[in-house]
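Visitor: please work out how this folds:
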Amino acid sequence: TDELHEFTGGIYLQTWNNQTGGLGTTVSNNLVHDNGILGYTASPGIWTDTTTGITITKNVVYNCSGSGIYLEKTLNELAAYNTVYNCGQTIYTAGIAVFAGGGYNSIGNRIFNNTEVNGSRTWWGIAVQFEDNTATIKNNIIENNIALRPGGSYNQTLYVDGNAVNNGVRSSGNTYSHNT
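Guide: Here you go, the predicted structure:
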């Protein structure tokens, strides 16, 4: 078994569980493609993990078995004007995803003006989801994104976990608007 492919990303930024690193970092004007092994790994194109304040703009990401852009347990990050296609081909992944869990919240992220084109195997276009019951998702703005041809298992352009729909318990203040 090739373990090197289990948790890889085309561009991977992580602060090892403290959500304090990354402020001022910009990931911009990159071409990220063909990472991960379909059916074996969920390798994101651009992956920020337990980080804060990273800006992801004007990238082209395609043919990733995992999410094209994956904001996992992040604070105050921006993903805008990116083009993502044929990503999110593994279960519970998306073209663009915001996740919280492991006791780490996803708060204040802004996802806007991105174009996501689903492949025939794409699970979700844009997803906001919890990994478990230990975190909150608050004050995130997901707006003016385009997800074309949702063709995945759930055929959803925007998937919001039931607990992320501003239920006042584990989520509040999230804005989902003008996504098509």
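Visitor: use CA for all of it now, contacts and neighbours both
Guide: Will do.
Visitor: mind giving me the packing neighbours of the worst-scoring helix or strand of the chain on mean pLDDT?
Guide: When each helix and strand of the chain is scored by mean pLDDT, DSSP states H and E, strand 156-160 comes last, with a mean of 83. If you count contacts as 3 or more Cα pairs under 8 Å, 6 or more residues apart in numbering; DSSP states H and E, strand 156-160 packs onto strand 124-130, strand 146-148.
Visitor: most centrally placed residue in the protein?
Guide: Ala97 (2.2 Å; Cα atoms, centre = their mean).
Visitor: now that residue: how far from Glu116?
Guide: Distance of Ala97 to Glu116, computed by Cα to Cα, to the nearest Å: 11 Å.
Visitor: what touches both of these two?
Guide: Ile126 (Cα atoms under 8 Å, 6 or more residues apart in numbering).
Visitor: give the contact list for the nearest residue to His178 once chain neighbours are set aside.
Guide: Nearest-residue entry for His178: Asn144, 4.8 Å, with adjacent residues in sequence omitted and distances by Cα to Cα, 6 or more residues apart in numbering. Counting by Cα under 8 Å, 6+ apart, Asn144 touches 112-114, 177-180.
Visitor: what does Thr115 give?
Guide: Here Thr115 is in contact with 81-84, 145-148 (criterion: Cα under 8 Å, 6+ apart).
Visitor: again, only using 7 Å
Guide: Shown in contact with Thr115 (Cα atoms under 7 Å, 6 or more residues apart in numbering): 82-84, 145-147.
Visitor: which of the residues you listed has the largest number of neighbours?
Guide: Val84 (29 neighbours; other Cα atoms under 10 Å).
Visitor: is it true that that residue touches Ser67?
Guide: No. Between Val84 and Ser67 there is no contact under Cα atoms under 7 Å: 9.1 Å.
Visitor: can you confirm Asn163 is in a helix?
Guide: Yes. Assessed by DSSP: H, G, I helix; E, B strand; the rest coil, Asn163 belongs to a helix.
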